[in-house]
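Asks: no FASTA, just this:
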C-alpha cells in the first residue's frame with residue numbers, strides 16, 4: 001500500500017507537495033469558484049497534511065488527513081451553509097413581484113380614468129404608483145390589495161368590506177357608526 005500512496009515521491013518532498021496542493025486549492029477556491037467553499041476544506045486538510053509531513057508522519061497518515069479531514073470539513077461547511085441559506089431564504093417572488101397579494105394604503109387618490117396616473121399607494125414602507133381596474137375612485141387612506149405589477153406600477157383593488165369593516169363602499173376609511181355617538185333629543 002505504501003508504494004501506491006507515495007507515488008514514487010521522496011518522503012521529504014511530500015510536505016511541500018501538500019503545501020502546494022493547499023495553495024492551489026485555495027487560489028482556485030478564491031478565484032474560479034468565487035468562494036463557494038467547495039475546495040476550501042480540502043485546501044485546509046492539505047495544509048494540515050503538510051504539517052503532519054513536516055513532523056515525519058507516514059504518507060498513509062498524510063493521505064488520510066487529506067482525504068478524511070477534507071471530507072469531514074466539507075460536510076461541516078455544507079451543513080452550516082445549508083442552514084445559513086435556509087435561514088436567509090428570499091421571500092417568494094423576486095423584486096417588485098414580491099408585493100403581489102400584500103395590503104397597501106392609498107396615499108394619493110387612485111382614479112381608474114386618471115390618464116396622468118397620479119394614484120399612489122404605500123406598502124412595506126415604499127410608495128408605488130398605482131392603477132385600478134375596479135371602476136371607482138380609491139380615496140386616500142383606503143386599504144387596497146395588490147393584484148399584479150404593470151411596469152413600475154401596482155394594480156390594486158379595494159379590500160373587501162368583510163375583510164376590513166373600516167372601509168366604506170365608496171372610498172376612505174370611515175369610523176363605523178356606534179350607538180354611543182348618537183345624541184338623543
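Replies: Everything's here; your move. Since this is a predicted model, take the numbers as computed values, not measurements.
Asks: worst-scoring helix or strand of this protein, pLDDT-wise?
Replies: Sorted by mean pLDDT, DSSP states H and E, the helices and strands of the chain end with helix 2-6, the least confident at a mean of 61.
Asks: for this structure, what spans make up the strands?
Replies: Shown for the chain, the strands assigned by DSSP state E span residues 103-108, 120-123, 126-132, 143-150, 153-158.
Asks: quick one, which of those strands is nearest to residue 50?
Replies: strand 126-132 (53.2 Å; CB to CB). C-betas here are computed from N, CA, C, even on glycine.
Asks: Could you give me the buried positions within the closest one?
Replies: 128-132 (16 or more other CB atoms under 10 Å).
Asks: pLDDT and distance to residue 145 added to these, as CSV?
Replies: Putting the buried residues of strand 126-132 into CSV (pLDDT from 0 to 100; distance: CB to CB, whole Å) gives the following:
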residue, pLDDT, distance to residue 145
128, 90, 13
129, 90, 16
130, 90, 11
131, 88, 13
132, 87, 11
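Asks: can I see the domain layout of the protein?
Replies: Segmentation of the chain into domains, based on automatic domain parsing, reads 2-87, 95-175.
Asks: Compare these and say which comes out lowest on pLDDT.
Replies: Among the domains of the chain, domain 95-175 carries the lowest mean pLDDT, at a mean of 79.
Asks: List the backbone torsions phi and psi for residue 133.
Replies: phi -110, psi 10 (degrees, to the nearest 10).
Asks: Test my guess that it contacts residue 155.
Replies: Yes - between residue 133 and residue 155 a contact is recorded at 6.5 Å, counting by CB atoms under 8 Å.
Asks: between those two, which one's more packed in?
Replies: When residue 133 is set against residue 155 and neighbours are counted by other CB atoms under 10 Å, the residue ahead is residue 155, at 18 against 11.
Asks: quick one: contacts for the more buried one?
Replies: With contact taken as CB atoms under 8 Å, 6 or more residues apart in numbering, residue 155 is in contact with 130-133, 146-149.
Asks: please redo it, this time with the cut-off set to 10 Å
Replies: Residues near residue 155 by CB atoms under 10 Å, 6 or more residues apart in numbering: 100, 110, 130-134, 144-149.
Asks: With residue 76 instead?
Replies: residue 41.
Asks: How about residue 46?
Replies: 17-26, 39, 62, 65-66, 69-70.
Asks: ok, now residue 78?
Replies: Taking CB under 10 Å, 6+ apart as the test, what residue 78 contacts is 37-38, 41.
Asks: shared neighbours of residue 133 and residue 155, which are they?
Replies: Common neighbours of residue 133 and residue 155 (CB under 10 Å, 6+ apart) are 147-148.
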